[in-house]
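>>> Sequence first, then the predicted structure, then my questions.
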Amino acid sequence: MIRFCIAAVAALALAACSKAPEDVTAHYAVGGGAGTVIVKAAANGDARLESGQQALVHKGGVDYMLITDSKGSVAANMTDFLAVIGELMREDGAKPQTPPAQGDFELTKTGTDTVAGIKGEIWRITPKDPTKAPAGQTSDAVINSDPAFAHVGKALSMQTRLGAAMQQLQGGSGSFDKLIQEMLDKGMVLRFDNTLKLDKLEKGPIDAKTFALPAVLDKAALKKRLTEERDRMRAAQAAAPTGQPPIAMPPGEAAPAPAPKAAAPAPRKK
């Protein structure tokens with residue numbers, strides 16, 4: 001009887017300490033008043049990230065890019081999207097550039113901080129030898145590793161992976177960039193440099209329709225559609241009266257927004 005009671009108490013204690021993922025909506029402010037990032041993450045792992053005109057969805061274990069153009073809205077598997085963007089870049093004569101030497105850096109945990117009422121660990125990237133690194137090249141973030149918020153972190157990682165993949169298409173990334181990706185993959189980001197900061201976190205059921213996808217194009221159909229949209233916008237640009245502002249080009253002409261660290265132009269998304 002005593003053994004049973006001890007086992008029951010231990011099981012209850014373990015259950016109390018275990019925090020399973022739950023439906024969470026995270027609102028982030030982008031530095032300099034440049035906008036917001038909203039992440040909706042369901043307990044089952046589905047997630048949606050919206051940043052300006054860019055929207056990414058993780059559903060059924062797959063990352064998708066949502067695209068809106070003159071014909072409407074579609075979705076594409078992220079692998080296919082990146083493959084097509086790479087092909088369009090090469091067809092336009094773009095050549096990968098060798099990334100600049102960044103030196104050797106290290107990622108260390110330096111303490112804790114609280115953002116929007118949530119505690120996290122401070123991670124910092126610094127040069128191993130400051131005399132051999134560009135002045136001021138450091139980065140830091142506050143990361144929460146609570147399993148209850150794990151899917152928010154994974155949703156933000158979609159954007160991190162997208163940024164890393166775009167860097168790879170353009171020539172690769174250096175050691176500093178790779179450590180940023182490693183740092184941001186440690187959990188739910190509460191703050192990233194002065195670029196991204198959690199404003200508020202809301203717990204509560206998220207409608208499954210939030211993660212619904214428009215028609216998903218395969219690679220061939222996606223390339224055909226993006227090529228047609230690119231050509232249409234180029235023709236409109238050529239026909240525009242002198243002095244008119246340039247027309248935003250579709251995917252393939254401008255890189256999607258990568259991880260929050262950078263601010264490359266994003267293709268028009270929904």
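Sure thing, it's come through. Every value quoted in this text rests on a predicted model; they were computed, and no experiment measured them. Residues are numbered from 1 along each chain as shown.

>>> For the closest residue in space to Ala26 that isn't next to it in sequence, what is the enclosing helix or strand?
For Ala26, ignoring the flanking residues on the chain, the nearest one in space by Cβ to Cβ, 6 or more residues apart in numbering is Val39 at 4.5 Å. C-betas here are computed from N, CA, C, even on glycine. Using DSSP states H and E, Val39 sits in strand 35-41.

>>> Which neighbouring elements make contact with the helix or strand just after that strand?
Counting by DSSP H and E, the next helix or strand C-terminal to strand 35-41 is strand 47-51. In terms of contacts (3 or more Cβ pairs under 8 Å, 6 or more residues apart in numbering; DSSP states H and E), strand 47-51 is packed against strand 35-41, strand 54-59, helix 150-169.

>>> Between the ones you listed, which one is closest to Met65.
Evaluated over the helices and strands packed on strand 47-51, closeness to Met65 peaks at strand 54-59, with 6.2 Å, by Cβ to Cβ.

>>> Okay, angle between the closest one and helix 150-169 too, please.
Calculated by axes from the mean of the first three to the mean of the last three Cα atoms, to 10 degrees, strand 54-59 forms an angle of 120 degrees with helix 150-169.

>>> buried ones in strand 54-59?
Buried residues in strand 54-59, counted by 16 or more other Cβ atoms under 10 Å: 54-59.

>>> and Lys71, how many neighbours?
11 (other Cβ atoms under 10 Å).

>>> I'd say it and Arg225 touch.
Yes. Taking contacts as Cβ atoms under 8 Å, Lys71 lies within contact range of Arg225: 7.2 Å.

>>> And the strands in the stretch 151-270 of the chain?
188-192, 196-203, 216-217 (DSSP state E, counting those that start in this stretch).

>>> Next: the stretch 1-150 of the chain.
24-30, 35-41, 47-51, 54-59, 62-69, 72-77, 105-115, 118-127, 139-144.

>>> Would you mind reformatting those strands (as a markdown table) and adding columns for distance to Met183 while you're at it?
Formatted as a markdown table, the strands of the stretch 1-150 of the chain follow (distance: least, Cβ to Cβ, whole Å):
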| stretch | distance to Met183 |
| --- | --- |
| strand 24-30 | 16 |
| strand 35-41 | 17 |
| strand 47-51 | 18 |
| strand 54-59 | 20 |
| strand 62-69 | 20 |
| strand 72-77 | 27 |
| strand 105-115 | 6 |
| strand 118-127 | 5 |
| strand 139-144 | 5 |
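
>>> quick revisit: tell me the most buried of the strands of the stretch 151-270 of the chain?
Compared across the strands of the stretch 151-270 of the chain, strand 188-192 shows the largest average neighbour count, a mean of 26 (mean count of other Cβ atoms under 10 Å).

>>> Just the pLDDT at Cys135, thanks.
Heads up, residue 135 is Ala, not Cys. Here, the pLDDT recorded for Ala135 equals 71.

>>> contacting residues around it?
Listed by Cβ atoms under 8 Å, 6 or more residues apart in numbering, Ala135 has no contact partners.

>>> how far away is it from Phe176?
13 Å (Cβ to Cβ, to the nearest Å).

>>> cool, Thr210 as well?
Thr210 sits 35 Å away from Phe176 when distances are taken as Cβ to Cβ.

>>> For the two, indicate the residue with more neighbours.
A direct count of neighbours by other Cβ under 10 Å for Thr210 and Phe176 places Phe176 higher, at 21 against 15.

>>> show me the contacts for the more buried one.
Phe176 makes contacts with 102-103, 105, 125, 137, 139, as judged by Cβ under 8 Å, 6+ apart.

>>> No further questions, thank you.
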